[in-house]
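Visitor: how would this look folded up:
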Amino acid sequence: MRKLTATTFLSLDGVMQAPGGPDEDRSGGFDLGGWLVPYADEDMGRFVAAWFAEADAFLLGRRTYEIFAAYWPRVTDADDPVAAKLNSRPKYVASRTLDTAEWSGTTLIKGDAAEAVAGLKREPGGEIQVHGSGGLLQTLMARGLVDEYRLWVYPVVLGRGKRLFPEGVAPTSLELLDTRVTSTGVAVHTYRPGGAVRTGEFTLDRP
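Guide: Numbers count the residues shown, from 1 in each chain. Prediction:
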(Lines give C-alpha, C1' and ligand atoms only; values in the text may rest on other atoms or scores of the structure.)
Protein backbone atom coordinates (compact mmCIF):
# COMPACT_ATOMS: atom_id res chain seq x y z
CA MET A 1 0.00 0.00 0.00
CA ARG A 2 1.21 3.48 -0.84
CA LYS A 3 0.79 6.48 1.45
CA LEU A 4 -0.89 9.60 0.08
CA THR A 5 0.34 12.88 1.58
CA ALA A 6 -1.00 16.40 1.05
CA THR A 7 1.26 19.45 1.29
CA THR A 8 -0.51 22.80 1.33
CA PHE A 9 0.36 26.42 2.08
CA LEU A 10 -2.32 28.21 4.14
CA SER A 11 -2.95 31.65 5.57
CA LEU A 12 -4.04 31.88 9.21
CA ASP A 13 -7.65 32.06 8.02
CA GLY A 14 -7.23 28.93 5.89
CA VAL A 15 -6.82 30.42 2.40
CA MET A 16 -4.71 28.37 -0.01
CA GLN A 17 -5.29 30.31 -3.24
CA ALA A 18 -2.31 31.51 -5.30
CA PRO A 19 0.41 31.45 -2.64
CA GLY A 20 3.37 31.68 -5.01
CA GLY A 21 2.58 34.45 -7.48
CA PRO A 22 0.07 37.13 -8.47
CA ASP A 23 -1.12 35.31 -11.59
CA GLU A 24 -1.30 31.75 -10.23
CA ASP A 25 -5.06 31.95 -9.74
CA ARG A 26 -7.02 35.18 -10.08
CA SER A 27 -10.41 33.45 -10.14
CA GLY A 28 -13.06 35.17 -8.07
CA GLY A 29 -11.13 38.42 -8.43
CA PHE A 30 -8.38 37.25 -6.05
CA ASP A 31 -5.68 39.94 -6.04
CA LEU A 32 -3.37 38.81 -3.22
CA GLY A 33 -1.42 36.13 -5.08
CA GLY A 34 2.16 35.61 -3.97
CA TRP A 35 1.42 36.07 -0.27
CA LEU A 36 3.90 33.42 0.90
CA VAL A 37 6.92 34.79 -0.97
CA PRO A 38 8.03 37.31 1.72
CA TYR A 39 8.25 34.42 4.22
CA ALA A 40 10.56 32.17 2.18
CA ASP A 41 13.80 31.29 3.97
CA GLU A 42 16.44 28.57 4.28
CA ASP A 43 14.23 26.57 6.67
CA MET A 44 11.52 26.38 4.02
CA GLY A 45 14.01 25.10 1.48
CA ARG A 46 15.31 22.45 3.87
CA PHE A 47 11.85 21.19 4.87
CA VAL A 48 10.67 21.06 1.26
CA ALA A 49 13.78 19.18 0.13
CA ALA A 50 13.38 16.57 2.89
CA TRP A 51 9.77 15.87 1.95
CA PHE A 52 10.40 15.77 -1.79
CA ALA A 53 13.12 13.19 -1.13
CA GLU A 54 10.36 10.80 0.05
CA ALA A 55 8.28 11.13 -3.13
CA ASP A 56 7.66 8.04 -5.25
CA ALA A 57 5.00 9.75 -7.41
CA PHE A 58 3.03 12.99 -7.64
CA LEU A 59 -0.71 13.55 -7.93
CA LEU A 60 -1.86 16.99 -9.07
CA GLY A 61 -5.01 18.83 -10.02
CA ARG A 62 -5.17 20.43 -13.45
CA ARG A 63 -4.36 24.01 -12.41
CA THR A 64 -1.41 23.04 -10.20
CA TYR A 65 -0.14 20.68 -12.89
CA GLU A 66 -0.14 23.45 -15.49
CA ILE A 67 1.75 25.80 -13.15
CA PHE A 68 4.36 23.12 -12.39
CA ALA A 69 4.65 21.96 -16.02
CA ALA A 70 5.35 25.51 -17.19
CA TYR A 71 8.29 25.85 -14.81
CA TRP A 72 9.94 22.70 -13.49
CA PRO A 73 10.89 20.96 -16.78
CA ARG A 74 13.08 24.03 -17.47
CA VAL A 75 15.05 23.46 -14.25
CA THR A 76 17.69 20.96 -15.33
CA ASP A 77 20.04 21.09 -12.35
CA ALA A 78 20.37 17.47 -11.24
CA ASP A 79 21.14 18.67 -7.70
CA ASP A 80 17.90 20.64 -7.35
CA PRO A 81 15.92 18.49 -4.86
CA VAL A 82 12.52 19.55 -6.19
CA ALA A 83 13.19 19.53 -9.93
CA ALA A 84 15.07 16.24 -9.79
CA LYS A 85 12.09 14.48 -8.25
CA LEU A 86 9.34 16.18 -10.26
CA ASN A 87 11.10 15.57 -13.57
CA SER A 88 12.01 11.93 -12.91
CA ARG A 89 9.08 10.47 -10.96
CA PRO A 90 5.63 9.49 -12.30
CA LYS A 91 3.06 12.27 -12.29
CA TYR A 92 -0.70 11.81 -12.34
CA VAL A 93 -2.98 14.71 -13.21
CA ALA A 94 -6.72 14.58 -12.57
CA SER A 95 -8.57 16.57 -15.20
CA ARG A 96 -11.77 16.46 -17.20
CA THR A 97 -10.55 19.11 -19.64
CA LEU A 98 -6.96 18.18 -20.57
CA ASP A 99 -6.59 15.95 -23.62
CA THR A 100 -2.81 15.66 -23.53
CA ALA A 101 -0.05 16.12 -20.96
CA GLU A 102 3.39 16.71 -22.49
CA TRP A 103 5.50 16.75 -19.32
CA SER A 104 7.51 13.53 -19.42
CA GLY A 105 6.19 10.83 -17.10
CA THR A 106 2.66 12.24 -16.84
CA THR A 107 -0.48 10.10 -16.88
CA LEU A 108 -3.91 11.69 -17.27
CA ILE A 109 -6.67 10.57 -14.90
CA LYS A 110 -10.06 10.98 -16.50
CA GLY A 111 -13.40 10.15 -14.90
CA ASP A 112 -13.68 9.34 -11.19
CA ALA A 113 -10.46 10.69 -9.68
CA ALA A 114 -11.09 9.24 -6.23
CA GLU A 115 -11.61 5.74 -7.64
CA ALA A 116 -8.41 6.02 -9.69
CA VAL A 117 -6.42 7.28 -6.70
CA ALA A 118 -7.72 4.48 -4.51
CA GLY A 119 -6.35 2.09 -7.12
CA LEU A 120 -2.97 3.82 -7.17
CA LYS A 121 -2.76 3.55 -3.38
CA ARG A 122 -3.29 -0.20 -3.53
CA GLU A 123 -0.24 -0.64 -5.75
CA PRO A 124 3.17 -1.40 -4.23
CA GLY A 125 5.44 1.58 -3.87
CA GLY A 126 6.24 4.56 -1.71
CA GLU A 127 4.72 7.97 -1.09
CA ILE A 128 2.29 9.65 -3.49
CA GLN A 129 2.46 13.40 -2.90
CA VAL A 130 -0.26 15.95 -3.59
CA HIS A 131 0.90 19.57 -3.69
CA GLY A 132 -1.64 22.39 -3.75
CA SER A 133 -4.52 21.10 -5.93
CA GLY A 134 -7.30 22.29 -3.64
CA GLY A 135 -10.28 20.99 -5.62
CA LEU A 136 -8.73 17.56 -6.03
CA LEU A 137 -7.74 17.45 -2.36
CA GLN A 138 -11.30 18.16 -1.25
CA THR A 139 -12.51 15.25 -3.38
CA LEU A 140 -9.89 12.94 -1.86
CA MET A 141 -10.63 14.11 1.70
CA ALA A 142 -14.32 13.39 1.22
CA ARG A 143 -13.43 9.79 0.32
CA GLY A 144 -10.96 9.34 3.19
CA LEU A 145 -7.96 8.90 0.90
CA VAL A 146 -5.49 11.34 2.51
CA ASP A 147 -3.11 9.62 4.93
CA GLU A 148 -1.08 12.62 6.06
CA TYR A 149 -1.43 16.40 5.92
CA ARG A 150 1.57 18.75 5.84
CA LEU A 151 0.10 22.18 6.46
CA TRP A 152 2.28 25.29 6.21
CA VAL A 153 0.49 28.02 8.15
CA TYR A 154 1.72 31.52 7.34
CA PRO A 155 1.37 34.51 9.69
CA VAL A 156 -0.94 36.42 7.39
CA VAL A 157 -4.74 36.89 7.26
CA LEU A 158 -6.15 37.29 3.74
CA GLY A 159 -9.86 37.58 4.39
CA ARG A 160 -10.87 36.10 1.04
CA GLY A 161 -9.93 33.32 -1.35
CA LYS A 162 -10.28 29.57 -1.77
CA ARG A 163 -9.94 27.54 1.42
CA LEU A 164 -8.71 23.99 1.93
CA PHE A 165 -11.46 23.33 4.48
CA PRO A 166 -14.49 25.26 3.16
CA GLU A 167 -17.91 25.60 4.75
CA GLY A 168 -19.68 22.22 4.67
CA VAL A 169 -16.57 20.00 4.72
CA ALA A 170 -17.11 16.72 6.56
CA PRO A 171 -16.25 17.03 10.28
CA THR A 172 -13.11 15.10 11.21
CA SER A 173 -10.40 15.18 13.85
CA LEU A 174 -6.66 15.22 13.18
CA GLU A 175 -3.76 13.82 15.18
CA LEU A 176 -0.68 16.04 15.37
CA LEU A 177 2.53 14.19 14.46
CA ASP A 178 5.05 17.01 14.26
CA THR A 179 5.43 20.80 14.35
CA ARG A 180 8.28 22.92 13.09
CA VAL A 181 8.65 26.70 12.85
CA THR A 182 10.70 28.57 10.26
CA SER A 183 12.79 31.67 10.94
CA THR A 184 10.02 33.84 9.45
CA GLY A 185 7.31 32.48 11.73
CA VAL A 186 5.72 29.87 9.47
CA ALA A 187 4.30 26.97 11.50
CA VAL A 188 4.57 23.65 9.67
CA HIS A 189 2.19 21.08 11.13
CA THR A 190 2.06 17.41 10.17
CA TYR A 191 -1.20 15.59 10.90
CA ARG A 192 -2.86 12.29 10.18
CA PRO A 193 -6.63 11.72 10.19
CA GLY A 194 -7.92 11.00 13.69
CA GLY A 195 -11.45 9.78 13.06
CA ALA A 196 -14.73 11.35 14.04
CA VAL A 197 -14.94 14.64 15.90
CA ARG A 198 -15.33 14.11 19.63
CA THR A 199 -17.27 16.58 21.74
CA GLY A 200 -17.57 17.21 25.46
CA GLU A 201 -18.66 19.69 28.07
CA PHE A 202 -17.01 21.56 30.93
CA THR A 203 -19.09 21.31 34.09
CA LEU A 204 -18.62 22.63 37.59
CA ASP A 205 -18.11 20.13 40.38
CA ARG A 206 -21.15 20.15 42.60
CA PRO A 207 -20.55 20.32 46.39
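
Visitor: report pLDDT for Gly111.
Guide: Confidence at Gly111, expressed as pLDDT, is 86.

Visitor: same check, this time on Pro207
Guide: The model's pLDDT for Pro207 equals 66.

Visitor: may I see the buried residues of the helix or strand Arg192 falls within?
Guide: Using DSSP states H and E, Arg192 maps to strand 187-195. Buried residues in strand 187-195, defined by neighbour count with 16 or more other CB atoms under 10 Å: Val188, His189, Thr190, Tyr191. All C-beta atoms are positioned from the backbone trio N, CA, C, and that covers glycine.

Visitor: from Asp80, how far out is the second one?
Guide: With the distance defined as CB to CB, to the nearest Å, His189 ends up 26 Å from Asp80.

Visitor: just the last one next, same as before
Guide: According to CB to CB, Tyr191 stands 28 Å off from Asp80.

Visitor: next one: the third one
Guide: As for Thr190, its distance to Asp80 is 24 Å (criterion: CB to CB).

Visitor: then the first one?
Guide: Between Val188 and Asp80 the distance is 21 Å, computed by CB to CB.

Visitor: for Gln129, what are its contacts?
Guide: If you count contacts by CB atoms under 8 Å, 6 or more residues apart in numbering, Gln129 has them with Leu4, Thr5, Ala6, Thr7, Trp51, Phe52, Glu54, Ala55, Ala57, Phe58, Leu59.

Visitor: in a markdown table, list the residues you listed along with secondary structure and distance to Asp41.
Guide: Below are the contacts of Gln129 laid out as a markdown table (DSSP: H, G, I helix; E, B strand; the rest coil; distance: CB to CB, whole Å):
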| residue | secondary structure | distance to Asp41 |
| --- | --- | --- |
| Leu4 | strand | 28 |
| Thr5 | strand | 22 |
| Ala6 | strand | 22 |
| Thr7 | strand | 17 |
| Trp51 | helix | 16 |
| Phe52 | helix | 17 |
| Glu54 | coil | 21 |
| Ala55 | strand | 22 |
| Ala57 | strand | 28 |
| Phe58 | strand | 24 |
| Leu59 | strand | 27 |
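
Visitor: helices or strands next to the strand holding Arg192 in the packing?
Guide: Using 3 or more CB pairs under 8 Å, 6 or more residues apart in numbering; DSSP states H and E, the elements in contact with strand 187-195 are strand 148-154, strand 173-181.
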